[in-house]
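J.: My questions are about this predicted structure, shown below with the sequence.
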Amino acid sequence: MTQEITLKLIFFGLIGLAVILEVIGDIFFKKWAINSKNVLLILGLLIYFIGTIFWAVSLKYEYLSKAISIFTILNLIIIVLVGVIYFKEDLSLINKIGVGLGILSVALIEI
């Protein structure tokens, strides 16, 4: 039982790092799209690549279908929050419902 909990913690730690790095990469991509500074694009790609490594290593601890689902939904939720809070983007009602369903899906995957 303890081994199972440890493996799950490692998995979520790797997924968490991957999501954080991918979100940071996305922020650099958005800033590049606004400012057209190539250094932002290069930094975004580098950070994205490092995040992808953490995601790939997480596959040692969980099924691909579960790992990609959790990674994608967490990435979506955080990116939406960054877009709304940092870049002042608007969300429609259907977007808000989609984010809510994303949160619900992560909970259902973990049951």
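T.: That came through, no problem. Residues are numbered from 1 along each chain as shown.

J.: How about L76: what's its closest non-neighbour residue?
T.: Nearest non-adjacent residue to L76, counting by Cβ to Cβ, 6 or more residues apart in numbering: G102, 5.5 Å away. Placement of C-beta: from N, CA and C, glycine included.

J.: That neighbour in helix, strand or coil?
T.: For G102, the assignment made with DSSP: H, G, I helix; E, B strand; the rest coil gives helix.

J.: start the count at 34, not 1, going forward
T.: Sure, I'll start counting at 34 from here, so that last one is G135.

J.: pLDDT score for it?
T.: G135 is assigned 80 on the pLDDT scale.

J.: what's around it, how many residues?
T.: G135 sits with 18 neighbouring residues when counted by other Cβ atoms under 10 Å.

J.: Contacts only, for it.
T.: Contacts for G135 (Cβ atoms under 8 Å, 6 or more residues apart in numbering) come out as 106, 109-110.

J.: quick one: which helix or strand includes D123?
T.: Per DSSP states H and E: D123 is located in neither a helix nor a strand.

J.: That one: how many residues sit nearby?
T.: 7.

J.: Check which helix or strand the closest residue to it other than its chain neighbours maps to.
T.: Sequence neighbours aside, V117 is the residue nearest to D123 in space, at 7.6 Å (criterion: Cβ to Cβ, 6+ apart). Assessed by DSSP H and E, V117 sits inside helix 97-118.
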